[in-house]
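Trainee: Sequence first, predicted model second:
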Amino acid sequence: GNSVTQMEGPVTLSEEAFLTINCTYTATGYPSLFWYVQYPGEGLQLLLKATKADDKGSNKGFEATYRKETTSFHLEKGSVQVSDSAVYFCVPSGGYNKLIFGAGTRLAVHP
Amino acid sequence: TAGITQAPTSQILAAGRSMTLRCTQDMRHNAMYWYRQDLGLGLRLIHYSNTAGTTGKGEVPDGYSVSRANTDDFPLTLASAVPSQTSVYFCASSALAGNYNEQFFGPGTRLTVL
């Protein structure tokens, strides 16, 4: 079945640093790919998505490109802020109506 | 818009007792889901409903039941709670069932079973 691997956290950065959170997946067929973010004490919310190869999803300064050849969907942001501190989930679809969640990567940004 | 509301926010429950976690959405979404989130395990799907009147089992359905009498509501019932059901429970919905549709999440219910 489909699965996802994310870099283990926590990732600790200073404000304005460059962020990369690596994500690779295994899948049969062509999954849709999502990044969800969970701020402290809240539910998950969609950050960005890509539904086919070479698509780039972007939102709030975050970007990720659907790389079918490397089965990756790495999340990047050029300059992080303290308010970006959260847990980030790379989520491939796992068949009809199913999303595959891993443990997520916790990001802590310090002033 | 409220989106998805869940109640209660948190609950402490004695083992063996029953409880229903409530979930309501106002987006007229067809599909709804229940997940549990445990430390280090991410989210796991408990039950889902592709449309009102239908339900299906997810990855970890044992000990839980759901119903979908109408579009807006999707309650999750624990008939006889056990400590391993201590978790944070999230309800979610999507406009349609399928691979491409964003799921919207509620704020969660933190349940402790003693």
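Mentor: Yes, it's here.
Trainee: Can you tell me the SS state at the residue lying closest to A:Glu16 once chain neighbours are set aside?
Mentor: Spatial nearest neighbour of A:Glu16, chain neighbours left out: A:Ser79 (4.7 Å); criterion: Cβ to Cβ, 6 or more residues apart in numbering or on different chains. Where C-beta positions appear, they are placed from N, C-alpha and C, glycine not excepted. Under DSSP: H, G, I helix; E, B strand; the rest coil, A:Ser79 falls in the coil class.
Trainee: The one 4 residues further on too?
Mentor: Reducing the assignment to helix, strand or coil with three-state DSSP, the entry for A:Ser83 is helix.
Trainee: Quickly list what the residue lying closest to it once chain neighbours are set aside is bridged to.
Mentor: For A:Ser83, ignoring the flanking residues on the chain, the nearest one in space by Cβ to Cβ, 6+ apart is A:Val109 at 7.9 Å. A:Val109 has these beta-bridge partners by DSSP bridges: A:Leu13.
Trainee: Next, the contact list for A:Val109, please.
Mentor: Taking Cβ atoms under 8 Å, 6 or more residues apart in numbering or on different chains, we find A:Val109 in contact with A:12-15, A:17, A:80-85.
Trainee: Could you count how many residues lie near residue 48?
Mentor: No chain in the question, so chain A it is. Using other Cβ atoms under 10 Å in any protein chain shown, A:Leu48 is surrounded by 19 other residues.
Trainee: Can you look at chain B instead?
Mentor: Residues contacting B:Tyr48 under the criterion other Cβ under 10 Å number 24.
Trainee: Tell me how many other residues crowd A:Asp55.
Mentor: Residues within reach of A:Asp55, counting by other Cβ under 10 Å, total 16.
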